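[1] based on what follows, work out the 3D shape:
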Amino acid sequence: MEIPVFDLKGLPVQVPPDISKLKDVYLKRYKQTGTPIIIDNGSFNCRVGWAGSESPILTFRNIVSRQKTSKEVQEVLVGSEIPEADLYKLSIRSPFERDILQHFHTQEHVFDYLFWALGINEDRVNHPIVVTETVCSPNYSRQILLEMLFEGYQVPKVNLGVDSLFSFRHNLGANRSGLVVNFGHQATHILPCLDGEFLPGFARRINVGGNHCTQSLLNTLQTRYFYNRNLITWPIAQEIVYSYCYTAVDYFQELENLRLGNQIRIQLPWVMPQQPTDEELKRKQQQRREQGKKLREISAKKNEEKKKMMEQELCELENIASKYRKSNSEFQEGLVARGISNFDELKKKINILKSRLNLEVDDSEKYNLVDIPDEELSAEQQKQKKLQKMQKAQKESREQKKAKENEEKERIEKLKQEDPAAYLEDLRKQRLEIQTRIDERNKIKVELQNRHSRQSQRRLRAIAELGNESSIKDDNFGVKDQDWDIYRDIHKDTQEEDEEDQVLLADLDSEIAQLDPNHLITIGEVWRPPTAEDYQIYLETDRIRPPEIVFQPSIIGLEQAGLVQTIEQVLNLFSPAQAQNLASCIFLTGASVQFPNFKERLEREIMMIRPFGSEFNVVTARDPALDAWRGASDFSLTEEYHNTALTKEEYDENGQDYLKVKQRHLASNSYFTTPNRGEEPTKRQKVR
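    So this is what the prediction gives:
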């Protein structure tokens, strides 16, 4: 079955408001009227408008960004002022953290922006205000918010209320009983209301919201399609969540259905890369040749420097050796300065340097014990004889290897003359071997970054051996050549080997290019035109996992009860008659409840937890996203609003106790006195 492919259309872009039009509306209709301003201060969107309007006239993301226009000046952008392309690149901040108002400097920038956008340019805001807040908002947050409005903007009257309760009132009236379920951006709340009274002591909160749904999908897709990680951005994940994800009525059955079908593919935005032209290919070929030439020059320069250093060291060692018979004290001083223990070790170093410089080596005394029978040698000389045999065998092995290499060179030269095709194949085989060595060293370097890998464990064992008792007693580590073998095993510095292989690779590439002109163009990058399939996202279970988080928070590692289990906990706090009254109207609000099948899934789950034969009813808000603002707007036109609002005079008179004096309304938070911290405990004296 062919899997359908869907194109991304993009989320609706928040267009900056027409400020001149909003100012005209304010001057003509609201300036001297004292009409309340309704601010739905949500953690995702902020919605602002005049009381009595059908909808808010100003909607923007509740975020603030700072960007430098010069070294000394910083520009503050709010909401829709932030360019859409830079929205997730700039450093942005929300006034909310975990659905609690905490960043008041940011909130002040939001207030400045919305009052300016409404056209209020006076020194004070001469309009009553309704501001929505989160459930059980801390006293500190409410106090700072009211101080900001009364002292900073000289607002005459303020009333606070819970957004989801305003939505409940707007849809079902003021004196209804019900269980309000608010699936918001950063959290989900379950709020019981009996006969028009909100009972905050029985409310519950789940730390899962629409933000977590988008973030979980974004993490999954970026991990799975790591090669397209830069293309999978937050706006794309958000569009996929709200356009192609849905709630599974039966989660486990839906997993099976998705396995058998109903998968989709999402086409990411992409642009067809241009195929390289002949001129570009020739330029790339020339760059590779120049790179190979440069590598050879660098290698030759390094070899020349090494040769000079070895010649200088050989001259110094031979000078020390010449003093062996003339002045014994001067000879010993030379050995100590070079870190050499005796004359035999000195001769060994001289012979090693001569062999590296292709000079004639004096082997007259090097293998002097090999042909002498063991009976004529002491125990120490027998050990030296075994060592000389091993060294002689190694030398013969090297000579044989060198002879084979010469034979191989002669064979290759003959093959080059007689069979160019076979010679080309042989060069490619050599190149593959060198490339394999380079890849193997790169693999080891990567493994060394992981402390649990085999290479890291081997390196750790070598370090541990250096820390044993025998090495602690002898503090001359590094004097002998064998010590540096251990160091190389620990350090794994393969830079020289890499450089040598890179030079060999460059030589082989030049040699192969003489027989195959296209070689330097095609190696390592065989170009093929990309297709749309290379930029597609395959969605299967990802379509139901984001909405499932609120029912199973354990999916994202959150140790909290799911939505239905929390609803059951809340209902169990009441008597059977009260629980039945609440279950008769389970009200869903918040933008995230608009997932397809969300209501059906909740109905199915609640049926399982309610007593047999009992009735329940799940109701969704007419507009889950805007009904909170509309409910606050309706409330601001009632007599109850004026009776429960806090005035500037009451604020000035009561000081810190101003939250106590006002009467509650349906959507307001209860006031709980902040407990005293009490005296600090005295420090306990230590008993000696």
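
[2] what helix or strand is the spatially most central residue of the chain located in?
    The chain has Asn219 as the residue nearest its centroid, 8.2 Å off, counting by CA atoms, centre = their mean. If you go by DSSP states H and E, Asn219 is part of helix 210-224.

[3] any chance you could list what contacts that helix?
    44, 183-186, 229, 232, 234, 237-238, 240-241, 245, 537, 542, 545-547, 549-550, 555-556, 590-592 (CB atoms under 8 Å, 6 or more residues apart in numbering). Any C-beta I mention is one placed from the backbone N, CA and C, and that applies to glycine too.

[4] among those, name the buried ones.
    44, 183-186, 232, 237-238, 240-241, 245, 537, 542, 545-547, 549-550, 555, 590-592 (16 or more other CB atoms under 10 Å).

[5] now, those residues that are in helices?
    237-238, 240-241, 545-547 (DSSP state H).

[6] hang on, the earlier thing: filter the contacts of helix 210-224 down to the ones in strands?
    183, 537 (DSSP state E).

[7] low pLDDT regions in the stretch 301-450 of the chain?
    Scanning the stretch 301-450 of the chain for pLDDT under 70 picks out 323-328, 360-368, 447-450.

[8] what pLDDT does the model give the closest residue to Ile609 other than its chain neighbours?
    Leaving aside its sequence neighbours, Ile609 sits nearest to Glu568 (CB to CB, 6 or more residues apart in numbering; 4.6 Å). Looking at Glu568, its pLDDT stands at 94.

[9] quickly note the distance from Glu568 to Pro576.
    Glu568 sits 13 Å away from Pro576, going by CB to CB, to the nearest Å.

[10] quick one, which of the two is more surrounded?
    Glu568 (17 against 11; other CB atoms under 10 Å).

[11] correct me, but the more buried one touches Met608?
    No - taking contacts as CB atoms under 8 Å, Glu568 lies outside contact range of Met608: 9.4 Å.

[12] just to revisit the earlier point, show the subsequent helix or strand relative to whichever strand or helix holds the residue nearest to Ile609.
    Element membership of Glu568, judged by DSSP H and E, is helix 563-572. Next in sequence after helix 563-572, counting helices and strands by DSSP H and E, comes helix 576-583.

[13] in that next one, what counts as buried?
    Quick answer for helix 576-583 (16+ other CB under 10 Å): 578-583.

[14] same deal with stretch 255-271?
    So for stretch 255-271, counting by 16+ other CB under 10 Å, buried means 258, 263-264, 266, 268.

[15] tell me which of those fall in helices.
    The helices, defined by DSSP H, take in Leu258 from the buried residues of stretch 255-271.

[16] can you list which of the buried residues of stretch 255-271 are found in strands?
    Short answer: the buried residues of stretch 255-271 in strands (DSSP E) are 264, 266.

[17] which one of the buried residues of stretch 255-271 is nearest Thr106?
    The nearest member of the buried residues of stretch 255-271 to Thr106, counting by CB to CB, is Leu268 at 33.0 Å.

[18] quick one, what contacts the closest one?
    Applying CB under 8 Å, 6+ apart to Leu268 gives the contacts 8, 228, 231-232, 236, 535-537.

[19] now do 6 Å
    231, 535 (CB atoms under 6 Å, 6 or more residues apart in numbering).

[20] quick thing: my sequence starts at 3, can you match it?
    Shifting the count to begin at 3 puts that one at Leu270.

[21] just to be sure, Gln335 is in a strand?
    Not Gln; residue 335 is Glu. No - counting by DSSP: H, G, I helix; E, B strand; the rest coil, Glu335 is not part of a strand but helix.

[22] hey, C-alpha coordinates of whatever helix or strand Ala630 lives in in PDB?
    Per DSSP H and E: Ala630 is located in helix 629-638. What follows is helix 629-638, C-alpha atoms only, in PDB (Å, rounded to 0.1, in the frame of the first residue of the first chain):
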ATOM      1  CA  ASP A 629     -13.500  31.500  25.500                       C
ATOM      2  CA  ALA A 630     -11.400  32.400  28.500                       C
ATOM      3  CA  TRP A 631     -11.100  36.000  27.100                       C
ATOM      4  CA  ARG A 632     -14.800  36.100  26.200                       C
ATOM      5  CA  GLY A 633     -15.800  34.900  29.700                       C
ATOM      6  CA  ALA A 634     -13.600  37.600  31.300                       C
ATOM      7  CA  SER A 635     -15.200  40.100  29.000                       C
ATOM      8  CA  ASP A 636     -18.700  39.100  29.900                       C
ATOM      9  CA  PHE A 637     -17.700  39.200  33.600                       C
ATOM     10  CA  SER A 638     -16.400  42.800  33.400                       C
END
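
[23] from the middle of its chain, how far away would that helix be?
    Chain-centre distance of helix 629-638: 40 Å, with CA atoms, centre = their mean, to the nearest Å.

[24] next helix or strand past that helix?
    Going down the chain from helix 629-638, the next helix or strand is helix 641-646, by DSSP H and E.

[25] in that next one, what counts as buried?
    Buried residues in helix 641-646, counted by 16+ other CB under 10 Å: 643, 646.

[26] and the next element down the chain from it?
    Helix 641-646 is succeeded, C-terminally, by strand 648-649 (DSSP H and E).

[27] what sits up against that following strand?
    Against strand 648-649 from outside (CB under 6 Å, 6+ apart): 159-160, 664.

[28] please apply the same query to stretch 188-196.
    Contacts of stretch 188-196 (CB under 6 Å, 6+ apart): 45, 101, 137, 179-184, 201, 204-211, 213, 552, 568-569, 572, 584.

[29] buried ones among those residues?
    Among the contacts of stretch 188-196, the ones that count as buried by 16+ other CB under 10 Å are 45, 101, 137, 179-184, 201, 204-208, 210-211, 213, 552, 568-569, 572, 584.

[30] now do the same end-to-end measure for stretch 117-136.
    One end of stretch 117-136 sits 22 Å from the other (CA to CA, to the nearest Å).

[31] distance from it to the middle of the chain?
    With CA atoms, centre = their mean, you get 39 Å for stretch 117-136.

[32] same deal with stretch 248-268?
    On CA atoms, centre = their mean, the centre of stretch 248-268 falls 28 Å from that of its chain.

[33] that one: end-to-end distance?
    15 Å.

[34] show me what that stretch is in contact with.
    So stretch 248-268 is in contact with 5-8, 538-543, 546, 549, 597-600, 602-603, 606, going by CB under 6 Å, 6+ apart.

[35] so Phe589, which of the three states?
    Applying three-state DSSP: Phe589 is strand.

[36] packing partners of the top helix by length along the chain?
    Secondary structure assigned by DSSP H gives helix 280-324 as the longest helix of the chain. Helix 280-324 sits against helix 345-358, helix 497-517, helix 521-524, with contacts defined as 3 or more CB pairs under 6 Å, 6 or more residues apart in numbering; DSSP states H and E.

[37] what's the angle between it and helix 497-517?
    Interaxial angle of helix 280-324 relative to helix 497-517 (axes from the mean of the first three to the mean of the last three CA atoms, to 10 degrees): 130 degrees.

[38] and helix 280-324, how far out from the chain middle?
    43 Å.

[39] tell me what angle that helix forms with helix 345-358.
    150 degrees.

[40] just for the stretch 153-302 of the chain, where's the confidence low?
    Ranges of the stretch 153-302 of the chain meeting pLDDT under 70: 275-278, 280, 283, 287.

[41] switch to 90 and redo it
    Filtered on pLDDT under 90, the stretch 153-302 of the chain yields the residue ranges 174-178, 197-199, 202-203, 226-238, 240, 244, 257-302.

[42] good, wrapping up.
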